[in-house]
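Undergrad: structure for the following, please:
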Amino acid sequence: MTSQKIVKWRENIRYVQRGEFDSRFESRLIGTQYVGESDAFMGPKSPVIITGTTKASIYELKIAADIAKNEFKKSKNIITTGSHGVEEYVMKMVAHFQGQQAVFIVSPLRSPTPSENIWLFEMILKHKGAIISTPNCELPDESIMLRNQIMVYLSDNLVIVSAKPNSGSINILEESLKQKKPVYVVDYPPNDFLFARYPVEEYKF
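TA: From the prediction side, this is the model:
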């Protein structure tokens, strides 16, 4: 990302303002920064979260790509956290198909991370997507928790490609169940006992 693009990015940072969006979202979103099109995360299309492990196998990346293509065909907007592994691959697939997506990051928009994915963030913005940064909290874990709450609040459902115990994907799963959002997994129990104690459904293409 050139210094000129960094300046342009900073000039276009906006805050969610009171009265700007549906009142149902305001209490969760006030203070949130974003760059790009708000329709990517608050538009008429029903968004779906796609998440998975950061250390994904080739098989898991292929499944992630197939899910992204499947949801894209259903005209779904995609929400991810911008992490490495599965979610990075999903971002690339949706950007390739010029689908609209929203990426939630914890780092400030003035210096987004991971920095090696800035080119991908630029591509997402080019295709009328959005990059969102949740309000800064005193502790990093609080920022992640708030990010997950907002993502789930804006989504219709969650799809998990793969996950590890005590991972970010499991945190998003638990938040989705708390908000009574459907959760779909690829490795449906009993194939993966990690999900056996959760009321999840099998993802079907």
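Undergrad: pLDDT weak spots in the protein?
TA: 1-8, 19-26, 137-138, 188-192 (pLDDT under 70).
Undergrad: closest to the centroid, which residue in it?
TA: By CA atoms, centre = their mean, the chain has its centre lying nearest to T80, at 1.7 Å.
Undergrad: quick one, phi/psi of it?
TA: Per-residue torsions, T80: phi -140, psi 180 (degrees, to the nearest 10).
Undergrad: R197: how many residues sit nearby?
TA: 8 (other CB atoms under 10 Å). (C-beta placed from N, C-alpha, C; glycine too.)
Undergrad: assign it to helix, strand or coil.
TA: coil (DSSP: H, G, I helix; E, B strand; the rest coil).
Undergrad: next one: phi and psi at it?
TA: Dihedral angles for R197 - degrees, to the nearest 10 - are phi -90, psi 0.
Undergrad: please name the bridge partners of the residue nearest to the centre of the chain.
TA: Assessed by DSSP bridges, T80 has beta-bridge partners V103.
Undergrad: the helices in this protein, which residues?
TA: 3-11, 23-29, 39-42, 58-73, 86-96, 118-126, 140-154, 168-178 (DSSP state H).
Undergrad: for D187, which of those helices is the nearest?
TA: D187 lies closest, by CB to CB, to one member of the helices of the chain: helix 58-73, at 9.4 Å.
Undergrad: packing partners of the closest one?
TA: strand 48-51, strand 78-80, helix 86-96 (3 or more CB pairs under 8 Å, 6 or more residues apart in numbering; DSSP states H and E).
Undergrad: what residues sit buried inside the longest one?
TA: Spelled out, that is helix 86-96. Using 16 or more other CB atoms under 10 Å as the test for burial, helix 86-96 gives 86-95.
Undergrad: so what touches that helix?
TA: 50-54, 56, 60-61, 64-65, 67-69, 72, 78, 80-82, 100-101, 103, 117, 120, 123-124, 127, 129, 161-162 (CB atoms under 8 Å, 6 or more residues apart in numbering).
Undergrad: before we move on, the earlier item: ok, which of the helices of the chain comes nearest T134?
TA: With CB to CB as the yardstick, what comes closest out of the helices of the chain is helix 140-154 (4.4 Å).
Undergrad: give the buried subset of the contacts of helix 86-96 as a PyMOL selection command.
TA: Buried residues among those (16+ other CB under 10 Å), as a PyMOL selection:
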select buried, resi 50+51+52+53+56+60+61+64+65+67+68+72+78+80+81+82+100+101+103+117+120+123+124+127+129+161+162
